[in-house]
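J.: next one to model:
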Amino acid sequence: MSQINAAAPRHDWTLDQVEALFDLPFMELVFQAATVHRAGFDPSEVQLSQLLSVKTGGCAENCGYCSQSAHFKTGLKAEKLMDADVVIAKARQARDGGAQRFCMGAAWRELKDRDLPKLAAMIGGVKALGLETCATLGMLTPDQARQLKDAGLDYYNHNLDTGPEYYGEVVTTRTYQERLDTLAHVRDAGMSTCCGGIVGMGETRRDRASLLHQLATLPSHPDSLPINGLVPVSGTPLGDQVLADGAKAIDSIEFVRTIAVARIVCPRSMVRLSAGRDTMSRELQALCFLAGANSIFVGGKLLTTPLPGQDEDSALFQDLNLRPMGVKTAAPEAVAAE
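T.: Numbering: from 1, shown residues only. So this is what the prediction gives:
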């Protein structure tokens, strides 16, 4: 395959072409992804995001990976929507701890109009702190998307989870088209989309290619593209399957390949290294950054699953000479003079 043109995002990828990227020799794939990444981003910058579960548990969906589904016994207690002032205080702590983006997640199948005033207060308060705002609240109507936009929401997260061919093995309470419809409502309202998926759920490489093919052929590429590694939760069908096998959900090199292909087919997206980072070695994370990941979640927890601690992340950034996105470094002359 010829060298990728990093300057020209495409929307005409075929599934076979995306799968062919996965099949490239590993060194060539990562080189091409790193080249694309450098054409659009500073490879030494990584955005720091923090995610808060503002409404935990009791979700009516049956997503086979999720600890918050009411269909599964995972020991998670359902909670009510948090008060806006509590969320804003958490966002202030996140900002003061270095986060640049604050995401709010609610375990709902779809947003109810009655919750919009409280959510609008949350979003406005977080936005006033100078943080980039994102929310994931389930399916939206066009009017709800407009109201969230008016409240100051920058991004709306609604993942496709996997490719359409494997989707029925993951969830049956929401159709693939319903997910695509919500993304269309978000785009039409003028918000940025945050959309990616989960790998390590028993899918094949072609299923992973199919997920990225779906994202790369949307009317506009996701502005934010999270790649999650399955965190197996006991009590969930997919989690129990992985735990019973006694093996990792996905091979580390295959995970890096997924990051690299995501970077190539969606060259201007923020590729977010999301769930599963807690069990990744420093070396694996370094390869993900090399392959084009340029955002991580911090704060010790991602909704209900663990993340590395602040000290670990600080040490990793120092050793890899990475810095939070937008933070300036001293000029080379000043460093030399110290």
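J.: now D85. Nearest residue, chain neighbours left out?
T.: Spatial nearest neighbour of D85, chain neighbours left out: G125 (7.7 Å); criterion: C-beta to C-beta, 6 or more residues apart in numbering. Yep, even glycine has a C-beta here, placed from its N, CA and C like the rest.
J.: do the same with G197
T.: Leaving aside its sequence neighbours, G197 is closest to L211 (4.6 Å, by C-beta to C-beta, 6+ apart).
J.: and if you look at T236?
T.: Using C-beta to C-beta, 6+ apart, the closest residue to T236 is F72 (5.2 Å).
J.: the one you found touches D240, doesn't it?
T.: No - assessed by C-beta atoms under 8 Å, F72 is found out of contact with D240, at 9.2 Å.
J.: these two: who's more crowded?
T.: Neighbour totals were compared for F72 and D240, and F72 leads with 22 against 15 (other C-beta atoms under 10 Å).
J.: distance of that one from C66?
T.: Separation of F72 from C66 (C-beta to C-beta, to the nearest Å): 8 Å.
J.: overlap in contacts of these two?
T.: T236 (C-beta atoms under 8 Å, 6 or more residues apart in numbering).
J.: the host helix or strand of the residue nearest to D85: which residues count as buried?
T.: Here G125 sits within helix 116-128, counting by DSSP states H and E. Buried residues in helix 116-128, counted by 16 or more other C-beta atoms under 10 Å: L116, L119, A120, A121, M122, I123, G124, G125, V126, K127.
J.: now do the helix or strand just after that helix: which elements does it pack against?
T.: Counting by DSSP H and E, the element after helix 116-128 in chain order, helix or strand, is strand 132-136. Counting contacts by 3 or more C-beta pairs under 8 Å, 6 or more residues apart in numbering; DSSP states H and E, strand 132-136 packs against strand 101-106, helix 116-128, strand 155-157.
J.: mind listing residues that contact the second one?
T.: If I follow you right, that is helix 116-128. By C-beta under 8 Å, 6+ apart, helix 116-128 touches 54, 81, 83-85, 87-88, 91, 102, 104, 111, 133, 135, 137, 144, 147-148, 150-154.
J.: how does it look with 10 Å?
T.: 52, 54-55, 81-92, 94-95, 101-104, 106, 111, 131-135, 137, 143-144, 147-154 (C-beta atoms under 10 Å, 6 or more residues apart in numbering).
J.: which residues in the stretch 201-338 of the chain form strands?
T.: 224-229, 270-273, 295-297, 301-302, 305-306, 323-324 (DSSP state E, counting those that start in this stretch).
J.: got the contact list for N294?
T.: N294 is in contact with 37, 40-47, 263, 269-273, 288, 322, 325, counting by C-beta under 10 Å, 6+ apart.
J.: and if we set it to 8 Å?
T.: H37, F41, P43, E45, V46, Q47, M270, V271, M325.
J.: which of these count as buried?
T.: If we count by 16+ other C-beta under 10 Å, those have these buried: H37, F41, V46, Q47, M270, V271, M325.
J.: what is the nearest of those to D278?
T.: Nearest to D278 out of the buried ones among the contacts of N294 is V46 (C-beta to C-beta; 16.7 Å).
J.: the closest one: what secondary structure?
T.: strand (DSSP: H, G, I helix; E, B strand; the rest coil).
J.: by mean pLDDT, which helix or strand of this structure comes out lowest?
T.: helix 332-337 (a mean of 35; mean pLDDT, DSSP states H and E).
J.: quick check: angle from the helix holding G125 to strand 101-106?
T.: With axes from the mean of the first three to the mean of the last three C-alpha atoms, to 10 degrees as the basis, helix 116-128 and strand 101-106 are set at 160 degrees to each other.
J.: give the residue spans of the stretch 201-338 of the chain that score low on pLDDT.
T.: 247, 300-309, 327-338 (pLDDT under 70).
J.: can you give me the helices for it?
T.: Using DSSP state H, counting those that start in this stretch, the helices of the stretch 201-338 of the chain run over residues 205-216, 237-245, 252-265, 282-290, 310-320, 332-337.
J.: which one of those lies nearest to A8?
T.: The minimum distance between A8 and these falls on helix 252-265, with 11.8 Å, by C-beta to C-beta.
J.: so which bits of that closest one are buried?
T.: Applying 16+ other C-beta under 10 Å to helix 252-265 flags F255, V256, R257, T258, I259, A260, V261, A262, R263, I264, V265 as buried.
J.: what residues are up against the closest residue in space to R206 that isn't next to it in sequence?
T.: Spatial nearest neighbour of R206, chain neighbours left out: E19 (5.7 Å); criterion: C-beta to C-beta, 6+ apart. Residues near E19 by C-beta under 8 Å, 6+ apart: R205, R206, A209.
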